[in-house]
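In: coordinates only, sequence not included:
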């Protein structure tokens, strides 16, 4: 009997970015004030959260966030200069502060008994270094990374590429991610089941259409195996 397939997003799902976010926020707010913004951390976070909540950052990269924040707090045209100045901090922060979330190996170990595992993530190729150094790479049969595939979520093609590599139909797969627009909606549209992890900045998002309603919600990564078991149990009942 073939195993079901569970795909994971990385950023703010399997990979904890909270330390990086704190580092970035401090450096970015300091740089904004250096350009004359005069914004304290509380107001900076209010602007940041509003941009995330209103979905003004496209695929969600930190570089898109920089541009949108600059539009709000600085005169027109400053965005590219600010982005260039903070780029070294972003690269160093990713290298030093990205880490797998608490319980990541426990979750992957539990799920791998019953399921095959894969990744569908909007990340640059350097994320493969974290996978290798962590020792968690061994759990994944498929690793579909946007920086390598040259496709980005929510483009359905990146999901279809991962399904093809897994040799699976969408209905036999579950997508685990934190974003409604780039993880949950496209996976649902293809016929996958979905688990939304809400230990993320993107918990600010609220569903705007039916495709953004996750099959199950997990308050943190450690709750994902239970959500997956519930989905598989329901699928078993539906077939009987």
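Out: It's in. Every value quoted in this text rests on a predicted model; they were computed, and no experiment measured them.
In: Which residue ranges of the chain form strands?
Out: For the chain, the strands defined by DSSP state E cover 5-8, 15-16, 99-100, 116-121, 140-145, 173-177, 193-197, 216-218.
In: I would like the residues contacting the second one, please.
Out: Outside strand 15-16, the residues within contact range by CB atoms under 8 Å, 6 or more residues apart in numbering are 98-102, 127, 130. C-betas here are computed from N, CA, C, even on glycine.
In: in the longest helix seen in the chain, what counts as buried?
Out: Criterion DSSP state H: the longest helix present in the chain is helix 79-97. Buried residues in helix 79-97, defined by neighbour count with 16 or more other CB atoms under 10 Å: 79, 82-83, 86, 89-90, 93-94, 97.
In: could you dump the residues you listed to TSV with distance to residue 206 and pLDDT?
Out: As requested, the buried residues of helix 79-97 are exported to TSV (distance: CB to CB, whole Å; pLDDT from 0 to 100):
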residue	distance to residue 206	pLDDT
79	27	94
82	29	97
83	28	95
86	29	97
89	31	94
90	28	93
93	28	93
94	28	90
97	28	94
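In: Could you report the separation of the residue lying closest to residue 45 once chain neighbours are set aside from residue 102?
Out: Spatial nearest neighbour of residue 45, excluding adjacent residues (CB to CB, 6 or more residues apart in numbering): residue 25 at 7.1 Å. From residue 25 across to residue 102, the span is 21 Å (CB to CB, to the nearest Å).
In: looking at it, residue 116 is touching residue 162, isn't it?
Out: No. Residue 116 lies out of contact with residue 162 (CB atoms under 8 Å); the separation is 11.7 Å.
In: out of the two, which sits in the busier spot?
Out: Of the pair residue 116 and residue 162, residue 162 is the one with more neighbours under other CB atoms under 10 Å, namely 24 against 21.
In: ok now do the residue nearest to the more buried one when sequence neighbours are not counted, which residues does it touch?
Out: Leaving out its chain neighbours, the residue that sits closest to residue 162 by CB to CB, 6+ apart is residue 144, at 4.0 Å. Shown in contact with residue 144 (CB under 8 Å, 6+ apart): 118-121, 158, 161-162, 165.
In: Same question for residue 101.
Out: By CB under 8 Å, 6+ apart, the contact list for residue 101 reads 13-16, 199, 220-221.
In: repeat that for 6 Å
Out: Applying CB atoms under 6 Å, 6 or more residues apart in numbering, one finds that residue 101 lies in contact with 16, 221.
In: next one: residue 56
Out: Neighbour list for residue 56: residue 68 [criterion: CB under 6 Å, 6+ apart].
In: just to revisit the earlier point, any chance of TSV for the strands of the chain, columns mean pLDDT?
Out: Shown next, in TSV, are these (pLDDT from 0 to 100):
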stretch	mean pLDDT
strand 5-8	98
strand 15-16	94
strand 99-100	94
strand 116-121	98
strand 140-145	98
strand 173-177	98
strand 193-197	98
strand 216-218	98
